[in-house]
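**Q** Below is the sequence, then the predicted model.
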Amino acid sequence: MRNDQTDDVVSNDQTDDVVSHGPFIEAAIGEARKGLASGGIPIGSVLVIDGEIVGRGHNKRVQQGSSVLHAEMDCLENAGRLSASDYSRSTLYSTLSPCDMCTGAALLYKIPRVVVGENKTFQGPQRYMQERGVEVTILDNAECVAMMEDFIQARPELWNEDIGE
Ligand SMILES: [Zn+2]
């Protein structure tokens, strides 16, 4: 429901507006920074249901010698076992465009919305996600781009390994 008379830039609870993504992408960026600080790849993710963060995670391939702990997978794992009805109301935030694996997990659990910090340094199967009915929002967040560009320049071998190259 929309009330045009009370529209203002301060209060905004529309989920499709960039403003309302702010705190959640910031939380994902916080996770990415944690990952970087612990020697890993700076990619972070949060899962949001009904305006609350129910899971958060960051890429832990390096830290845990893991083959599957991309940020989104770590986030979903930390959110724990959820019902289909929970996932159906959820939004997955990631600082970077989700790869094939993480896209697959989002599709498996029928997460209807994916919000991406940036897709300039890497782009996963975004179009496929959209074809499968997922609402994909790209924020073009400068901080997300800068984090990845700095990391890829500093540690190209770790980055290539992360995307299977
Ligand atoms: Zn991934």
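**A** Received, thanks. Numbering: from 1, shown residues only.
**Q** close enough to count as contact, Leu36 and Ile43?
**A** No. The pair Leu36 / Ile43 is not scored as a contact, 9.2 Å apart, by C-beta atoms under 8 Å. Just so you know, the C-beta spots here come from the backbone N, C-alpha and C atoms, and that holds for glycine as well.
**Q** of those two, who's got more company?
**A** Taking neighbours as other C-beta atoms under 10 Å, Leu36 and Ile43 compare with Ile43 leading, 35 against 19.
**Q** Pull up the gap between the more buried one and Trp159, please.
**A** Distance, Ile43 to Trp159, by C-beta to C-beta, to the nearest Å: 10 Å.
**Q** Mind checking what secondary structure the residue lying closest to Val134 once chain neighbours are set aside has?
**A** Nearest residue to Val134, sequence neighbours excluded (C-beta to C-beta, 6 or more residues apart in numbering): Val114, at 5.6 Å. For Val114, the assignment made with DSSP: H, G, I helix; E, B strand; the rest coil gives strand.
**Q** what about Val114, distance to Glu72?
**A** From Val114 across to Glu72, the span is 9 Å (C-beta to C-beta).
**Q** where do the contact lists of the two overlap?
**A** Here Val114 and Glu72 share the contacting residues Leu92, Ser94, Pro98, Ala106, scored by C-beta atoms under 8 Å, 6 or more residues apart in numbering.
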